[in-house]
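Visitor: build me a model:
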Amino acid sequence: MIKENLQKIKATLPESVTLVAVSKTKPVSDIQEAYDAGHRAFGENYPQEMRDKHEVLPQDIQWHFIGHLQTNKIKYIIPFVTLIHSIDSANLLEAVNKEAKKHDRVVDCLLQFHIAMEETKFGLDMDEARQLLDSEAFKAMENVRICGVMGMATFTNDEVEVRKEFKHLKDIFDTLKTDYFADQPQFKEISMGMSEDYPIAVEEGATMVRVGSKIFGARNYNI
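Guide: Take a look at the predicted model:
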């Protein structure tokens, strides 16, 4: 059903929106099935798992790291990662830049913002983002490239709340674009929306949606 699920979801998305198939905890065979159906962008939450899958799957897969990234795990993904969605501190961005330099790479990153009501979600607020972007340390980083923003809405059936949070992230993107990235065309991504709320995210300006269970079925927790 993976191929059919992908086709169904892609039929609902504008061409301007990238579908990141969230393959965390899923076996290599599932990813290969999606790949054989023509899909290339996959999202993972765990660095070692992502590294292990990268080693055995086709090399033209675009790997998106979407989970909370610990600095001591960066080394596992830097040689090949396409986009890190979850930069939630200046220290993490500095550590990514340092590791990317070792591999002579410029790694694309998104700034993760805390937009949900839940305290458990990670992410920057606007003051922290401005401090980061105004800092001399950031201006000296040559091995990372900020390409946009990411956020996770509150896990709730309240569509009004979810829409409000996605609108907030779009406002953050617009402000940063105007104040910091007006002349940088790579700053264009808004990563928001998951299996249950991605249609709302698209309506509110998402350029990337991260969909797992609607493609691969329920999560596997036995890995």
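
Visitor: can you pull out the helices in the protein?
Guide: 2-12, 28-36, 47-56, 90-102, 126-134, 136-139, 159-179, 198-203, 213-216 (DSSP state H).

Visitor: and the third one, what does it pack onto?
Guide: Packed against helix 47-56 by the contact rule (3 or more CB pairs under 8 Å, 6 or more residues apart in numbering; DSSP states H and E) you find helix 28-36, strand 62-65. Yep, even glycine has a C-beta here, placed from its N, CA and C like the rest.

Visitor: between helix 47-56 and the longest one, find me the angle.
Guide: Okay, so that is helix 28-36. 60 degrees (axes from the mean of the first three to the mean of the last three CA atoms, to 10 degrees).

Visitor: show the average pLDDT along helix 28-36.
Guide: Regarding helix 28-36, the rounded mean pLDDT is 98.

Visitor: could you single out the most deeply buried of the helices and strands packed on helix 47-56?
Guide: strand 62-65 (a mean of 22; mean count of other CB atoms under 10 Å).

Visitor: before we move on, the earlier item: out of the helices of the chain, the one nearest Glu189 is which?
Guide: helix 159-179 (8.5 Å; CB to CB).

Visitor: can you list the buried residues in that closest one?
Guide: For helix 159-179, the neighbour count (16 or more other CB atoms under 10 Å) marks 162-163, 165-166, 168-170, 172-173, 176 as buried.

Visitor: please name every helix or strand in contact with that helix.
Guide: Using 3+ CB pairs under 8 Å, 6+ apart, helix 159-179 is in contact with strand 107-113, helix 126-134, strand 144-151, strand 189-191, helix 198-203.

Visitor: what does that helix contact?
Guide: With CB atoms under 8 Å, 6 or more residues apart in numbering as the test, helix 159-179 has contacts from 111, 113, 115-117, 126, 129, 133, 148-149, 151, 153-154, 156, 187, 190, 192-193, 197, 200-201, 203-206.

Visitor: got a list of what the residue nearest to Ala100 when sequence neighbours are not counted touches?
Guide: The shortest distance from Ala100 to any non-neighbouring residue, by CB to CB, 6 or more residues apart in numbering, is to Asn143 (3.7 Å). Asn143 is in contact with 96-98, 100-101, 105-107, counting by CB under 8 Å, 6+ apart.

Visitor: ok, of these, which one's closest to Val81?
Guide: Nearest to Val81 among the contacts of Asn143, with distances taken as CB to CB, is Val107, at 6.4 Å.

Visitor: I'd say that closest one and Cys147 touch.
Guide: No - checked against CB atoms under 8 Å, the pair Val107 and Cys147 is beyond contact range at 10.0 Å.
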